[in-house]
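S.K.: how would this look folded up:
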Amino acid sequence: MSAGPKPGGRQRSASRRHRESEKLPVVGGSRHRIPSSEVPYFRRYDILELIAIVTEIGSLISRRPEIRGGRPCIAGTGFSVRRVAQWHNMGLIPEEIVRKFGHLSLAQVHAALAYYHANQAEIDADLESETREAAALEDQHRR
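M.R.: Sure, this is the predicted structure:
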């Protein structure tokens, strides 16, 4: 005699029983469950290490007298905050700045823009000064 549904209950399909028997991880905080065989290697084994990597925002911008005359720069690059601000003021979004200068990360560009917005008067004055100096040099060479 075949095993039918129990009285008052429903019989589960074979595929549903199989899905329920698998140990399925929750990936990326998602409520969707993905079989571990489909989870990329780094997600299964290195997720805790990735979570542990934290960058202090203040470490992304530095000021050193010997680099760019002490102007604030993206740490380790010599790329000044005012350059990022200049490109941003010309209409580029952070992702476009990253594409234009491949050695910068999106986090670095956002940190530079955060620094710019927190110190906008200083950076804008520096940009104005540079513009005036460039205009003076152009006038000098026209003569």
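S.K.: contacts, neighbours, all on C-alpha from now
M.R.: Will do.
S.K.: Just the helices from this structure, written as ranges.
M.R.: 14-21, 41-45, 47-52, 81-89, 94-100, 106-118, 120-142 (DSSP state H).
S.K.: same for the longest one, what does it pack against?
M.R.: Packing contacts for helix 120-142, counted by 3 or more C-alpha pairs under 8 Å, 6 or more residues apart in numbering; DSSP states H and E, involve helix 81-89.
S.K.: list the buried ones in the helix it packs on?
M.R.: Going by neighbour count (16 or more other C-alpha atoms under 10 Å), the buried part of helix 81-89 is V81, R82, V84, A85, H88.
S.K.: of all those, which comes closest to L137?
M.R.: R82 (20.1 Å; C-alpha to C-alpha).
S.K.: domain assignment for this protein?
M.R.: 16-52, 57-142 (automatic domain parsing).
S.K.: can you tell me which of the ones you listed the model trusts least?
M.R.: Ranked by mean pLDDT, the domains of the chain bottom out at domain 16-52, with a mean of 51.
S.K.: For A112, list the residues it contacts.
M.R.: L60, I61, C73, I74, V81, V84, A85 (C-alpha atoms under 8 Å, 6 or more residues apart in numbering).
S.K.: Include distance to A107 when you put these into TSV, please.
M.R.: TSV is the format used below for the contacts of A112 (distance: C-alpha to C-alpha, whole Å):
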residue	distance to A107
L60	8
I61	11
C73	14
I74	10
V81	13
V84	12
A85	15
